[in-house]
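J.: Give me coordinates for this.
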Amino acid sequence: MQLWRAGDYDILFSMKNTLFLGAAATPAVLLAALYGDTPDEKHAWAVHDWNRPKPAKVEVCCNGVPSDAVVLFDGTKESFERNWRDEKGNPSKWQFSDEGYFYTLPEWKNGGAIFTREEFGDCQLHLEYRHDPERLYKDKGPQMRGNSGVFLMGNYEIQVLESYYTSRDLDGKEGFVDNYADGQAGSVYAENPPMVNPARKPGEWQVYDIVFHQPVWKDGKLLHPGSVTVFFNGVLVQDHWEMEGLTTHCKRRPLAPHATKGSLQLQDHGCVVQFRNIWYRPLPSRWANLTHGNMSACPEKVMALRRETAAKLFAKIADPKAATADNVKALAEVISYANEGEYKAAFDSALEAYRAKPGDKKEVDDVNKALDVLVRNKVVPASAKVK
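T.: Now for the predicted structure:
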C-alpha cells in the first residue's frame, strides 16, 4: 500500500486501486458512491456499500461479559434463584455456594436437571464448571467422573466430564482413565469427540464458549441441520459441527422439529459439579437474513429493500433535473438499487443534459468511473458513458 500527499488530503491507494481517505477529507467530496459491485437479486447492498447499516456497539465489561449479554448466573444467590428452576418450574434443589457458584449434590439428590427460566435459541453461550477432586468418583466408571451436560434448548448436549486423564497421550501410563471418545468433555455427546483434549486438572475451572445454531425446518422439511462450535478453555474442539440428531445414548435419534426457543438445561448425573459465570448472547439465524446472501435471500424481499434505499437516496437529491456531474453520480447510485420508473427517467434525463454540456476532462472521467460500475454490473449499457 502506498501513501500519497494530494493537497490537504491523505489518499491511500492499495495495489487494487482501492480508494480510502484521510481525516481531512469529507465523504461528500472524495467518497465515490458507486464503487463495488451493485446490488443484485440475492444482495440488497453493494460490495463496500456506504449505505449499509453499521453494527451496534458492544462493550466488554471488566468481567468479560459483553454489554448485550443476558446474564444467567453472576455468582449471587439472587441471580441463581431468579434465573433457574426445576423441570416443573419450581425452585431448584441444586445448591448455592457463597463462593459464587452453584452445584449438584451426589447420588441424584437434586430433583433432576436444572433449567433456565429464560428460553432462547441460536446463541453464543459462556459457562464455567469445576470438579472438586475430593468429591470425584474414582470407582464407578469413567462416565461417573463428574458427569453433567450442557443441553442447548434441552436437545443438543455438550458433555461435561472430568477428562484431564482421558487422552491418548496417557494411554498405558499411570493415571490414564479410559473412556469412549464421543462421551468425554467437549464432545457433542454420542456424535462427535472433541478434536483435542484441553481439559485442566480437577479442581481448576473449565471454560466453555459455545456458538450454537439450531436446525432450520420449513413445512416439515429440514433446510439445515444446525451447527455448534465449541471453544474449551480457549481451544477450538468443535468446528461448526452440523448436528446429526437429537441428544441420545447408545441409539441414534434423528433430528425432529421442535420449538424455536427452549431452556438451557444442565444435567444431573449423580455427580458433584460446580457451575459459575453463565451468560448468553442471542444470535440471529443465518437463515433469517432474507435480504442479503446467496444461501437464504428472498428475491422479493431483496428488491423491496433495494427500492426503499433508492427512495431514501432519491429524496436527498435537491434537484434531480440539474445537469451537473454530482447529480448524474447521485442518480447513478439511485438506479444501482432500482433502475426503474422515475429514478430511471431522472437519471436518463440528467445524463443526457450533462452530455450536452459536460465539464472538463477530470470531471467527465469522474462521472465515467461511476458509470463504469453500472456498466460492469449490466445496469446500463456501455453507451451510457460520456464521451
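J.: what's around V235, how many residues?
T.: Residues lying near V235 (other Cβ atoms under 10 Å) number 15. Quick note: C-beta positions are derived from backbone N, CA and C, even for glycine.
J.: Tell me how far it lies from V328.
T.: V235 sits at a distance of 55 Å from V328 (criterion: Cβ to Cβ, to the nearest Å).
J.: what do you get for A259?
T.: 53 Å.
J.: Which residue of these two possesses the greater neighbour count?
T.: Neighbours around A259 and V328, counted as other Cβ under 10 Å, are more numerous at V328. The numbers are 23 against 11.
J.: quick one: the helices in the stretch 251-387 of the chain?
T.: For the stretch 251-387 of the chain, the helices defined by DSSP state H, counting those that start in this stretch occupy 299-315, 325-337, 341-356, 361-376.
J.: pLDDT of the third one, averaged?
T.: Meaning helix 341-356. Mean pLDDT, computed over helix 341-356, is 97.
J.: Can you give the contact residues for that helix?
T.: Identification of contacts with helix 341-356 by Cβ atoms under 8 Å, 6 or more residues apart in numbering yields 310, 314, 320-325, 327-328, 331-332, 334-335, 339, 367, 384, 386.
J.: can you check the first one too?
T.: Among residues not part of helix 299-315, those counted as contacts by Cβ under 8 Å, 6+ apart are 39, 41-44, 51, 290-292, 320, 330-331, 333-335, 337-338, 342-343, 346.
J.: Poorly predicted segments of the stretch 1-150 of the chain, please.
T.: Along the stretch 1-150 of the chain, segments meeting pLDDT under 70 span 1-32.
J.: Now for the residue nearest in space to the middle of the chain: which residues touch it?
T.: Among the residues of the chain, the one closest to the centroid is L283, at 5.9 Å (Cα atoms, centre = their mean). Contacts for L283 (Cβ under 8 Å, 6+ apart) come out as 122-124, 211-213.
J.: Distance of the nearest residue to it once chain neighbours are set aside relative to N339?
T.: The shortest distance from L283 to any non-neighbouring residue, by Cβ to Cβ, 6 or more residues apart in numbering, is to D122 (4.4 Å). Plainly put, D122 is 36 Å away from N339 if you go by Cβ to Cβ.
J.: Report the separation between the two terminal residues of stretch 104-117.
T.: Chord length of stretch 104-117, first to last residue, is 18 Å (Cα to Cα, to the nearest Å).
J.: what does it rub up against?
T.: 72, 82-87, 89, 92-95, 102, 135, 148, 151, 154, 263-268, 270-273.
J.: What is the distance between it and the centre of its chain?
T.: Its chain's average C-alpha position is 31 Å from that of stretch 104-117, according to Cα atoms, centre = their mean, to the nearest Å.
J.: in it, what's buried?
T.: 104-105, 110-111, 113-116 (16 or more other Cβ atoms under 10 Å).
J.: Repeat that for stretch 49-58.
T.: Across stretch 49-58, burial judged by 16+ other Cβ under 10 Å covers D49.
J.: Isn't G245 up against Y189?
T.: No - using Cβ atoms under 8 Å, G245 and Y189 do not qualify as a contacting pair, with a distance of 10.8 Å.
J.: Who has more neighbours out of the two?
T.: Neighbour count, other Cβ under 10 Å: between G245 and Y189, Y189 has more, with 22 against 18.
J.: related to what we said a few turns ago, buried subset of the contacts of helix 341-356?
T.: The neighbour-count test (16+ other Cβ under 10 Å) marks 310, 314, 320, 322-325, 327-328, 331-332, 334-335, 339, 367, 384, 386 as buried among these.
J.: Show the contacting residues for the residue nearest to E244 when sequence neighbours are not counted.
T.: Counting by Cβ to Cβ, 6+ apart, E244 lies nearest to E191, which is 5.4 Å off, once chain neighbours are set aside. E191 sits next to 182, 241, 243-245 when contact means Cβ under 8 Å, 6+ apart.
J.: what do you get for G183?
T.: Contacts of G183 (Cβ under 8 Å, 6+ apart): 142-143, 159, 161, 189-190.
J.: Highest neighbour count among those?
T.: Highest neighbour count within these: L161, with 29 neighbours (other Cβ under 10 Å).
J.: Just say helix, strand or coil for the nearest residue to that residue once chain neighbours are set aside.
T.: Among residues not flanking L161 along the chain, A185 sits closest, at 4.7 Å (Cβ to Cβ, 6+ apart). State at A185, reduced to three classes by DSSP: H, G, I helix; E, B strand; the rest coil: coil.
J.: Buried residues, stretch 226-236. List them.
T.: 226-233, 236.
J.: residues making contact with that stretch?
T.: Contacts of stretch 226-236 (Cβ under 8 Å, 6+ apart): 152, 156, 158, 185-186, 188, 194-196, 198-200, 206-216, 237-243, 255.
J.: circling back: could you export the contacts of L283 as TSV, including secondary structure, neighbour count and distance to A56?
T.: Shown next, in TSV, are the contacts of L283 (DSSP: H, G, I helix; E, B strand; the rest coil; neighbours: other Cβ atoms under 10 Å; distance: Cβ to Cβ, whole Å):
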residue	secondary structure	neighbour count	distance to A56
D122	coil	24	17
C123	strand	21	17
Q124	strand	17	15
V211	strand	17	18
F212	strand	24	21
H213	strand	23	20
